[in-house]
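Q: Show me how the following folds:
(2 chains)
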Amino acid sequence: MKGLRLPVALALAIVALAASTTTLTARADAPSEDDTLFQTAVQRMKEGKPGEAIVDFEALADHGVVDATVSFDRGLAYVSRVRVGGEQPGDLGQAAHGLVEAKHLTNDRALSLEAARALGLVRAEVGRRRARAGEPVEFDPGLALGPSFLRLLPEDVWALLAVLGSVVLGVSLFVRRAASERRSRIAAAVTAVLASLLALLATTSLFAARHQRLTATEGVIVSAGARPRDERGLVIANAPVVPEAAEVEIVGHRAGWAQVRWGNVVAWIPSGSVRPLAE
Amino acid sequence: MTCGARRVSFWVLVVALLVVRTARAEDPEMTATVDTQRLGVGEVLRLTLHVASRQFQPAHASPGATPGFTVVGSSSGPSQQVTITNGRMVTQHGLDAAWTLRADKVGTWSVGPVSVQVGSNTSRAGPIRITVVPAGKGPPRAPPPDPFDPFGGGGLDPFKSLLDSLNGQAQPHDTYGTDPKLAMDSAPGTVAFLHATVDTTSAVVGQQVTVSMYLYVDTSTRDPGMVDIHEATAADFVKRPLFEDDNNDRAVSRANVGGRLFNVRLLRKWALFPIKAGDLVVTPMEMTLQRSRTTGDPSRKSELLTIHVTEPPTERRPPGYQLGDVGKFTLTADTTPRDIEEDGAVGVTLSLRGTGNLPAMITPPAQAGLEWLAPEVHEKVGPVQGQPEMFGGSRTFTYVLRIHKPGEVHLGSISLPFWDPTANRYDVAVADLGTVTVRPNATPGGKAVKELPPDPFSAVPDVLAQMGRTKTPATQLAEGHPALFWLALGFTPLGFVVFSTASRAVSVLRERSAERAASPETDLKAKLSVAERAAKGDDARALSSATARVLEAATLAYAEVNVRDARGGEAKERLVVAGVTEAVANQIDELLVACASARFSPDAPELSLARDRWTATRGVIQVLRSAS
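A: Below you'll find the predicted structure:
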């Protein structure tokens, strides 16, 4: 009897191990809730039901899913709702948001181009409507000088330039010290001055760009247009209305309000008018 | 009895009755009553006096002795009634007085007699015996009437209780006749004050928060009147009144505030729906007392209410949930007709019912071939019947839906996710719109007559069916490797600084070392060392030479006089000029001469003499050092 116990126990252990392994494998293979939601949304888009697809895509966003394809499809779902005649206010802005977000999130060139093309169509439609209403059509007024300068180069390039300037500065100082000829000493001094300027400028730009990256968020206008207001909530006279689907930089928040930079305009708009891009 | 006698008797009786009745009518009619003759300790009773007189105005009513009781409130008011009967005017003066007595001790007590002055006489009624039992043992009682209520609140308004129950205003009262829910520990103001309450101090965005504003008036004073009323504001809420008209008077309750009795009137009752998260405030309601007997500040304001508002949880949040949809909703749909021709229209009626802030808009399910026209909205919202504390009702959306594709068209379903605060979970109200049979358009060329506008989005690509294509966030060089970055940035400049500093330090050290090596003291020390070694040897010439060098170095170090090149007594002169005593100068000169003789003598000098000169030289050096 005792002789039988060990083989039986071993057999049971093997069966249990196999069962647990199978279960784990099945769990690993099972699609996640987000995957299911995404597939459902795609299916609804194919069935011509963009309204229901939007609900699912927005649920994915609520779940914190940050995915270039999801953003791209969400933008297309809003476009599709406009196409089938079920447009809700802000749909074109939401479409632009999804497409801009897809561009930002991907490094896939094909997807980026597709998103840019669709975004162009959305903005063209917004522009056509604004032009028909006699409103100015301008989505990108350009950046102010400072942010434009900072965006000339990536942060890493600013960092490398700072290091390069620093190294050249140090070397030229050594050369100046070691050189005996006057001409060599002057050349080394001039190089040191220029290198120190380069190092200072690049370091300053690096930290300004980093500060901007950490404190400012980009967003898209998702209402029919946002009228810039001042600190007190009063409309700023002669300030242009930020059009739907325009990209802005969100630089601050207050209860119910968002401070945005659009070109040279820095103003407050209702926080519901702008939707930040996922990062 | 004869007929004449009967007639006489009859008229005598009539006259007698008239005399008695006239006599009685001239007396003041006086009635003193209590609303209960048995009550518990701490409970209050109401002692009421009614006096009427045809001659004088009754005045100065007094409850008399009130052993075992404390008078916590009183009121009185004169009245005058004029009647004209058969051309004769009769004026009747009246006085109604009431006292609120709080029982303090157990026992049977005689209250009164109640007295009142009528003309020059004082009339009395009572006393009234009242039994006070231990607290809580008294019989249940109805709330006492309001002394300022024109209806008296005591049974003259037969519809009051009915209306209260219909309006949901019936309040539970304790056995003291006061509403314990309105009781307060202390009164924030004399005569009258405002008090604000909220049913919860934490809620989610969109959840109903019920705010009530009460006016408390001391029962022992007259209504002070309110002027300059400033409503409370709730900027971060959607405000829905739970009364149809805030200005309507509502039932009065009683409350015990710090041992005093107050009439409490509910002025405002609002359902507030927060529109954002955060610590949101409801500002105080303010007013000014019009007829205040106090000399203090007549302004009164309610409390500032702060409600902590959060968002409903994101876990298990259903798709399509809109922030603010909080309550308990049901959704029904009715689609008619179910059989139409292509491009025809059906009516879709959505009925949304429930409690909470009903969503103002429901987005119909857009799909290709369906054209939803703008809905017609009817609503009936307000306090929920049977739940007067809750706001809700129904909102009906009537859509016209045109269908542009033939076949069995399933319209889809409409779902409204919401957060149920009572169940503390999400729920979804769903209504299926059903299927409509759409027959192909039988009109010849019917489809062609309508020219569709150009589609601006015809070039839009199809959706992608696979998730992904998301770039991994790049790590910035300066952030990813901060130590390396700072090292690279500062290595060469700091290296130069360190190198320069070190070089400079080395130079300075060398210079100082050289300076130290060239000093007379260092020279003397070195020559002393040489001389010491020579003294231990047996070379008298070398010792003499070393002794001479020591003397020269010593005069230079201590007297700053160079005697090396001195000849024929010059050394002595120079030393004297430099301040060395003549004896010492003379000794030095002699030693120098002796050493020179020994050094340059052709014969070998004697070692003992050389050592003696060395010994003498050491003594001279000691003297020179002391003198310097």
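
Q: From A:Gly98, how far off is A:Thr217?
A: Using C-beta to C-beta, to the nearest Å, A:Thr217 is found at 16 Å from A:Gly98. All C-beta atoms are positioned from the backbone trio N, CA, C, and that covers glycine.

Q: neighbour count winner among the two?
A: A side-by-side neighbour count of A:Thr217 and A:Gly98, using other C-beta atoms under 10 Å in any protein chain shown, places A:Gly98 first with 30 against 18.

Q: What average pLDDT does the host helix or strand of that one get?
A: A:Gly98 is located in helix A:91-105, with elements delineated by DSSP states H and E. Averaged across helix A:91-105, pLDDT comes to 94.

Q: for stretch A:251-264, same thing?
A: 87.

Q: do that stretch and chain B meet?
A: Yes: for stretch A:251-264, a contact with chain B is found by C-beta under 8 Å from any C-beta of the partner chain, at A:255-256.

Q: centre of the chain versus that stretch, how much separation?
A: How far stretch A:251-264 lies from its chain's middle: 17 Å, per C-alpha atoms, centre = their mean, to the nearest Å.

Q: from what I can see A:Ala159 touches B:Trp486, true?
A: No: A:Ala159 is beyond contact range of B:Trp486, at 10.6 Å (criterion: C-beta atoms under 8 Å).

Q: Could you check which of those two has the larger neighbour count?
A: Each of A:Ala159 and B:Trp486 has its neighbours counted (other C-beta under 10 Å); A:Ala159 has more, 26 against 12.

Q: before we move on, the earlier item: the helix holding A:Gly98 close to chain B?
A: Yes: applying C-beta under 8 Å from any C-beta, one finds helix A:91-105 touching chain B at A:Leu105.

Q: That helix packs against which elements?
A: helix A:68-83, helix A:109-132, strand A:217-221, strand A:274-276 (3 or more C-beta pairs under 8 Å, 6 or more residues apart in numbering or on different chains; DSSP states H and E).

Q: Figure out how far the shortest one is from the centre of its chain.
A: Taking the mean C-alpha point of strand A:274-276 and that of its whole chain, the gap between them comes to 11 Å (C-alpha atoms, centre = their mean).

Q: try the longest one
A: Relative to the centre of its chain, helix A:109-132 is centred 17 Å away, using C-alpha atoms, centre = their mean.

Q: Skip ahead from that helix and say which helix or strand is next.
A: By DSSP H and E, the next helix or strand past helix A:109-132 is helix A:145-150.

Q: Tell me which other helices or strands that following helix touches.
A: Packing partners of helix A:145-150 (3+ C-beta pairs under 8 Å, 6+ apart): helix A:182-215.

Q: and the helix it packs on, which residues are buried?
A: Going by neighbour count (16 or more other C-beta atoms under 10 Å in any protein chain shown), the buried part of helix A:182-215 is A:188, A:191-192, A:195-196, A:198-199, A:202-203, A:205-206, A:208-210, A:212.

Q: ok, now stretch B:472-483?
A: B:476-478.

Q: May I have that stretch as CSV, with CA atoms only?
A: Extracted as CSV, the C-alpha positions of stretch B:472-483 are listed here (Å, rounded to 0.1, in the frame of the first residue of the first chain):
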residue,chain,number,x,y,z
THR,B,472,8.8,54.2,-26.8
PRO,B,473,9.4,57.5,-25.1
ALA,B,474,13.1,58.5,-25.7
THR,B,475,15.2,59.1,-22.7
GLN,B,476,16.8,62.5,-22.8
LEU,B,477,20.6,62.4,-22.5
ALA,B,478,20.8,65.0,-19.7
GLU,B,479,18.0,63.2,-17.8
GLY,B,480,19.0,59.6,-18.5
HIS,B,481,22.6,60.0,-17.5
PRO,B,482,22.8,63.1,-15.4
ALA,B,483,26.2,62.2,-13.8
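
Q: any residue of that stretch up close to chain A?
A: Yes: contact between stretch B:472-483 and chain A, assessed by C-beta under 8 Å from any C-beta, occurs at B:473, B:476-479.

Q: follow-up on the earlier one: turn the buried residues of stretch B:472-483 into JSON lines, including secondary structure.
A: Output for those, formatted as JSON lines (DSSP: H, G, I helix; E, B strand; the rest coil):
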{"residue": "B:Gln476", "secondary structure": "coil"}
{"residue": "B:Leu477", "secondary structure": "helix"}
{"residue": "B:Ala478", "secondary structure": "helix"}
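
Q: Next up, the contacts around the closest residue in space to A:Leu119 that isn't next to it in sequence.
A: Sequence neighbours aside, A:Leu99 is the residue nearest to A:Leu119 in space, at 4.2 Å (criterion: C-beta to C-beta, 6 or more residues apart in numbering or on different chains). Residues in contact with A:Leu99 (C-beta atoms under 8 Å, 6 or more residues apart in numbering or on different chains) are A:71-72, A:75-76, A:115-116, A:118-119, A:122.

Q: got it, and A:Ser71?
A: A:98-99, A:101-102, A:105, A:278.

Q: Out of those residues, flag the one nearest to chain B.
A: Nearest to chain B among these is A:Leu105, at 5.1 Å by C-beta to the nearest C-beta.

Q: Can you list the helices and strands that the helix or strand B:Ser544 falls within packs against?
A: Using DSSP H and E, B:Ser544 maps to helix B:540-554. Secondary-structure packing of helix B:540-554 (3+ C-beta pairs under 8 Å, 6+ apart): helix B:520-536, helix B:582-600, helix B:607-627.

Q: so where's chain B uncertain?
A: B:1-27, B:80-90, B:140-177, B:246-251, B:291-295, B:443-452 (pLDDT under 70).

Q: for whatever residue of the stretch 251-400 of chain B ends up closest to chain A, what are its contacts?
A: Nearest to chain A in the stretch 251-400 of chain B, going by C-beta to the nearest C-beta, is B:Ala366, at a distance of 2.4 Å. B:Ala366 makes contact with A:49-51, A:81, A:84-86, B:372, according to C-beta under 8 Å, 6+ apart.
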